[in-house]
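J.: What follows is a predicted protein model with its sequence.
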Amino acid sequence: MPPISSDALVLRSYKLGETSKVVVLLTRERGKVRAVAKGARGRRSRYQSALEPLSEVRVGLYGRQGAELYRLGECELLRSAFPAGARGLDEAMALSYFAELLDAFAQEGEAEDAVYRLALAVVDAVEKGSSVTALARYLEAWLLRLHGLYPSLDHCAACEKELPAGEVDYHGPAHGFVCPSCGPASGPGLTAATRGYLRRIFGLAPAAVGASGEGESASLESFHRDLIRRHLERDLRSIRVLRDVAREVR
């Protein structure tokens, strides 16, 4: 038996030597781990398509507990996020973005069951045909919230009083939305419709949220991008992917 046996999502992989790969996995049991998949780039690799981004797999990991790099043994494909011929370009690009976003937020060696279940639910919603643009906003919002980074929609970040209904304004120095008495805010502002859409995101499963209006999606994309950049202190390589896809669709 391997020291670790766990369900996992593949986040990414990169070359190691002539025939192997290092695979980054989001495991249910140990959070994010890295493992060497020996022979994964060979013509007769036993892993085949199991190492594609966001594939759901059951893995056996060998090595000392807490090691920086495990050896990947068994890798049973449970569900592929990229079944042959079943994904359009926009969905494929979106799934790649989701994998990068999860990789950026997942904690090394720390199990985060809520993050794992969130990832599974978003991939499932893609399979059911939900808007990938809406799912991007959903995944961003929940990852920020689960890591304590999403500002309250209900209380002023400065005085903690209840925020009035309608539009809310974000204030960078306070790291949250502020009431009129604590303004002026540095911005950006979120409309009442966008605020309402966020409540749907935080109150419903991803497949049930539905698409937002063009204005809500654009303002949330910009707002989330700023929050993510501040947290990571860098931009994600694929941060523009869904925006470019949406522009082409329109």
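T.: Now that the structure is in, tell me what you want to look at. This is a predicted model, so every value here is computed, not measured.

J.: tell me how far stretch 6-13 is from the chain's mean position?
T.: The chain centroid and the centroid of stretch 6-13 are separated by 13 Å under C-alpha atoms, centre = their mean, to the nearest Å.

J.: What's the mean pLDDT across that stretch?
T.: Mean pLDDT, computed over stretch 6-13, is 95.

J.: now stretch 180-187
T.: So the average pLDDT for stretch 180-187 ends up being 92.

J.: Show me what counts as buried in that stretch.
T.: Going by neighbour count (16 or more other C-beta atoms under 10 Å), the buried part of stretch 180-187 is 182, 185. (C-beta placed from N, C-alpha, C; glycine too.)

J.: for that stretch, how far is the first residue from the last?
T.: 13 Å (C-alpha to C-alpha, to the nearest Å).

J.: try stretch 12-27
T.: Stretch 12-27 has an end-to-end distance of 13 Å (C-alpha to C-alpha).

J.: tell me which residues in it are buried?
T.: 12, 13, 16, 20, 21, 22, 23, 24, 25, 26, 27.

J.: now swap in stretch 73-92 and tell me
T.: Quick answer for stretch 73-92 (16+ other C-beta under 10 Å): 73, 75, 77, 80, 81, 82, 87, 90, 91, 92.

J.: List the ones among those residues that fall in strands.
T.: 73, 75, 77 (DSSP state E).

J.: ok, now which ones touch the residue sitting furthest away from the middle of the chain?
T.: What lies farthest from the middle of the chain is residue 181; by C-alpha atoms, centre = their mean that is 35.2 Å. By C-beta atoms under 8 Å, 6 or more residues apart in numbering, residue 181 lies in contact with 156, 159, 161.

J.: How about residue 105?
T.: 115, 143, 147.
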